[in-house]
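Student: just a sequence and a predicted model for now, questions to come.
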Amino acid sequence: MSALRTVDDRGARKAGGPQAGAGGRRAAVRAALMALPLLFFAAFFAYPVAAIVTRGLHQGGSWQFGRFADVLGDPGIRHVLWFTCWQAAASTALTLLVALPGAYAFARLDFPGRRLLRAVVTVPFVLPTVVAGSAFLALLGPDGFTDSLVGVRLDTSVWAILIAHVFFNYAVVVRTVGGLWAQLDPAQEEAARMLGSSRLAAWRRVTLPALGPSVAAAALMVFLFTFTSFGVIQILGGPTRSTLEVEIYRQTAEVFDLPTAAVLTLLQFAAVIAILVLHGWTVRRRESVLRLVDPAMTAHRPRGAGERALLGGVLAVIGLVILLPLGVLVARSFDTPSGYGLAFYRALGSTDGGTFSVAPWQTVGNSLRFAAIATVIALTVGGLAAAALVRRAGRLVRGFDALLMLPLGTSAVTVGFGFLIALDKPPLDLRDSWLLVPLAQALVGTPFVVRVMLPVLRAVDERLREAAAVLGASPWRVWREVEMPMVSRAVAIAAGFAFAVSLGEFGATVFIARPDNPTLPVAVARLLGRAGALNHGQAMALSTVLMGVCAASLLALESLRTTGSGEL
């Protein structure tokens, strides 16, 4: 018996040794992949936010925890919390309802102008909220579109806020869900129909579960953006409606009540963490290995009256919700006091207005340079993070996933002030450095990279990775030769989102951009804040330039694709 036990023990060690060694290698690879993202978020997110919260709650040598009861006991603050949650949920539901047909149309229907239109629908996502809010005010306010057409003003209603949020977030759903939808093999749904399922039943039982992670990711991003909405609420909500973001700004910049602002920031953290935990649980329940194909094989011309009607409805929605507000901005940029002309554009080349120490035209080059650097940083940090998260593990890795999303749910005011307060001494003395701007932009762009890449990475069959490892491929070679060719489309989509977000980032950048090196959104906001038709006209002209730069960049991204990379 002793000899048999010895033989069994040796066999167990021999059998378990390679598995234990493989598990150790996987853990080491995961730790290496997580190292840079953790360092990046610790230095440029956790540290600055902790600094501003500490300054607000630690006063007179002691912690002011009693402020929590004071703030939560305020009926006005409770109303703000309720409205923040309610409008975010309603905005998310309405955006999904309006944009999911668009995701299908862009993913599966081949129609003239599709690439151009897909670039155009992403433009609102990068516009400063103050500019878009002004456009909707012109549409829905006095003498606006609805007032002139039906005699109804919507500028002070909740509907104005909801429609403006759809305007901003339509592209999030179209690109996030449509990116995966375009790669799903339609043969699986066709097989279900051959077995007797109706078109709707086949879509509900086959396609919808496969799209679940992407739909959940898109809903999460939309909810977080609307949960922290600032400019739209400020302009269209009126004095009676306020979100947490607006209240944090008011308490910080107008009332100078840092303790109350710190409490509200922590409440926002708690809400965002709860949302991320729920989202992670939902995605894990719905994960599956998908059969991905070349998107060029799935797109087809509209077939039948149903698809043609759906495409017509999608185009009508895009025209009313997206193109009409953009058209208002363009029209205002040419509407000078002496009639329609280019006077506002010519004024962008001069510093005579005194708003900047440089000509407003220079902000275009600044924005492109900063956005390109931020995109590289976001792709590096987010790509490593997504590669680590695809290797499933326990709660520690799931907590890491939630950490990556926190910047989307954190007040930009808190991040901006935190940068100024925390990053002003060695070893992170960056207060006077131009690098602060792309770092802040990358902080917001990284979650997009992770959320776009992760569903596709997890859809790759694990057996392909295991087969490559058995054949002797290193983890780096497995990533380069097995995973990367299959997720190249996701990388392109992630790059487009990171670049677009960086171009339009405003909340944190407005606090850290140097006066001699402003970005386009900061320049627009400063021009809008000054009286006079010339300043307002230049703001509209710069906004039009921003739209054009974004559309051209996204269109270039489309044209640089290889045929096999599919649709963005």
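Tutor: Yep, it's here. Residues are numbered from 1 along each chain as shown.

Student: ok, which stretches of the stretch 201-350 of the chain are helices?
Tutor: With DSSP state H, counting those that start in this stretch applied, the stretch 201-350 of the chain shows helices at 208-227, 231-236, 244-249, 258-286, 304-317, 324-334, 343-347, listed in chain order.

Student: swap in the stretch 1-150 of the chain?
Tutor: Counting by DSSP H, counting those that start in this stretch, the stretch 1-150 of the chain forms helices over residues 2-41, 47-57, 66-72, 75-108, 114-126, 129-140, 145-150, given from the N-terminal end onward.

Student: give me the neighbour count for residue 213.
Tutor: Other residues near residue 213 come to 27 when the count uses other Cβ atoms under 10 Å. (Each C-beta comes from the backbone N, C-alpha and C, glycine too.)

Student: please report how far it lies from residue 177.
Tutor: Computed with Cβ to Cβ, to the nearest Å, the distance linking residue 213 and residue 177 is 10 Å.

Student: go on, residue 261?
Tutor: Distance from residue 261 to residue 177, by Cβ to Cβ: 35 Å.

Student: equivalent analysis for residue 434, please.
Tutor: Going from residue 434 to residue 177 by Cβ to Cβ gives 36 Å.

Student: those two - which one has more neighbours?
Tutor: The neighbour comparison of residue 434 against residue 177 (other Cβ under 10 Å) goes to residue 177, with 27 against 17.

Student: any stretches of the stretch 1-150 of the chain with poor pLDDT?
Tutor: Across the stretch 1-150 of the chain, the ranges flagged by pLDDT under 70 are 1-26, 141-150.

Student: same thing but 90
Tutor: Within the stretch 1-150 of the chain, the set of residues satisfying pLDDT under 90 comprises 1-35, 42-43, 46-80, 104, 106-150.

Student: same thing with the stretch 251-400 of the chain?
Tutor: Scanning the stretch 251-400 of the chain for pLDDT under 90 picks out 251-307, 320, 324-333, 335-368, 383-400.

Student: and if we set it to 70?
Tutor: Confidence mapping of the stretch 251-400 of the chain against pLDDT under 70 gives the ranges 279-297, 351-357, 391-398.

Student: now stretch 40-49 - C-alpha only, PDB.
Tutor: What follows is stretch 40-49 as a C-alpha-only set of coordinates in PDB (Å, rounded to 0.1, in the frame of the first residue of the first chain):
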ATOM      1  CA  PHE A  40      -1.700  55.000 -14.400                       C
ATOM      2  CA  PHE A  41      -5.000  55.100 -12.500                       C
ATOM      3  CA  ALA A  42      -3.300  55.300  -9.100                       C
ATOM      4  CA  ALA A  43      -1.200  58.300 -10.200                       C
ATOM      5  CA  PHE A  44      -3.700  60.200 -12.300                       C
ATOM      6  CA  PHE A  45      -7.100  59.300 -10.900                       C
ATOM      7  CA  ALA A  46      -7.000  57.900  -7.300                       C
ATOM      8  CA  TYR A  47      -4.400  60.300  -6.100                       C
ATOM      9  CA  PRO A  48      -5.900  63.600  -7.400                       C
ATOM     10  CA  VAL A  49      -9.400  62.600  -6.400                       C
END
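
Student: so which residues make contact with that stretch?
Tutor: Judged by Cβ atoms under 8 Å, 6 or more residues apart in numbering, the contacts made with stretch 40-49 from elsewhere in the structure are 265, 377, 381, 403-404, 406-407, 410, 414-415, 418-419, 421-423, 428, 439-440, 443, 446.

Student: now with 10 Å?
Tutor: The list of residues contacting stretch 40-49 from outside it, by Cβ atoms under 10 Å, 6 or more residues apart in numbering, reads 38, 50, 262, 265-266, 269, 377-378, 380-382, 384-385, 400, 403-404, 406-407, 410-411, 414-423, 427-428, 430, 436, 439-440, 442-443, 446, 508.

Student: in strands only, show me those.
Tutor: In strands, defined here by DSSP state E, the members of these are residue 428.

Student: just the buried members of the contacts of stretch 40-49?
Tutor: Burial by neighbour count, 16 or more other Cβ atoms under 10 Å: within those this picks out 38, 262, 265-266, 269, 377-378, 380-382, 384-385, 400, 403-404, 406-407, 410-411, 414-420, 422-423, 430, 436, 439-440, 442-443, 446, 508.

Student: tally of neighbours for residue 412?
Tutor: That count, for residue 412 with other Cβ under 10 Å as the rule, works out to 23.

Student: over to residue 426?
Tutor: Using other Cβ under 10 Å, residue 426 has 5 neighbouring residues.

Student: give me the pLDDT value at it.
Tutor: At residue 426, the model reports a pLDDT of 74.

Student: give me phi/psi at it?
Tutor: Main-chain dihedrals, residue 426, degrees, to the nearest 10: phi -60, psi 150.

Student: give the contact list for residue 199.
Tutor: The neighbours of residue 199, taking Cβ under 10 Å, 6+ apart as the test, are 189, 192-193, 306.

Student: leaving out sequence neighbours, find the closest residue to residue 34.
Tutor: residue 388 (4.7 Å; Cβ to Cβ, 6 or more residues apart in numbering).

Student: thought that neighbour was touching residue 453?
Tutor: No: proximity of residue 388 to residue 453 does not meet the contact threshold set by Cβ atoms under 10 Å, at 11.4 Å.

Student: nearest to residue 183, of the helices of the stretch 201-350 of the chain?
Tutor: Smallest distance to residue 183 across the helices of the stretch 201-350 of the chain (Cβ to Cβ): 9.9 Å, for helix 208-227.

Student: how much space between the residue nearest the centre of the chain and residue 371?
Tutor: Using Cα atoms, centre = their mean, the residue of the chain that lies closest to the mean C-alpha position is residue 448, 5.0 Å off. Taking Cβ to Cβ as the criterion, residue 448 is separated from residue 371 by 13 Å.

Student: any common contacting residues for the two?
Tutor: Once Cβ under 10 Å, 6+ apart is applied, the residues that residue 448 and residue 371 both contact turn out to be 498-501.

Student: returning to what we had before: now, which of the contacts of residue 199 sits nearest residue 160?
Tutor: Closest to residue 160 out of those is residue 306 (32.4 Å), distances taken as Cβ to Cβ.

Student: which residues are in contact with that closest one?
Tutor: With contact set as Cβ under 10 Å, 6+ apart, residue 306 has these partners: residue 199.

Student: also residue 164?
Tutor: Contacts of residue 164 (Cβ under 10 Å, 6+ apart): 91, 124, 129, 132-133, 135-137, 139-140, 226, 229, 231-233, 235-237, 321, 325.

Student: for residue 219, same thing?
Tutor: Counting by Cβ under 10 Å, 6+ apart, residue 219 makes contact with 92-93, 95-96, 169, 172-173, 176-177, 275, 279, 282.

Student: show me just the buried residues among those.
Tutor: 92, 95-96, 169, 172-173, 176-177, 275, 279, 282.

Student: format the residues you listed as a markdown table; extra columns: distance to residue 110.
Tutor: A markdown table is the format used below for the buried ones among the contacts of residue 219 (distance: Cβ to Cβ, whole Å):
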| residue | distance to residue 110 |
| --- | --- |
| 92 | 29 |
| 95 | 25 |
| 96 | 24 |
| 169 | 25 |
| 172 | 23 |
| 173 | 20 |
| 176 | 21 |
| 177 | 18 |
| 275 | 36 |
| 279 | 33 |
| 282 | 32 |
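
Student: and those, which is closest to residue 108?
Tutor: Relative to residue 108, the closest of the buried ones among the contacts of residue 219 is residue 177; by Cβ to Cβ it sits at 11.7 Å.

Student: before we move on, back to that, including distance to residue 494, could the helices of the stretch 201-350 of the chain go into a markdown table?
Tutor: Listed next are the helices of the stretch 201-350 of the chain as a markdown table, based on distance: least, Cβ to Cβ, whole Å:
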| stretch | distance to residue 494 |
| --- | --- |
| helix 208-227 | 12 |
| helix 231-236 | 25 |
| helix 244-249 | 25 |
| helix 258-286 | 17 |
| helix 304-317 | 24 |
| helix 324-334 | 25 |
| helix 343-347 | 33 |
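
Student: out of those helices, which comes closest to residue 480?
Tutor: Between residue 480 and these, the shortest gap by Cβ to Cβ is with helix 208-227, which sits at 24.4 Å.
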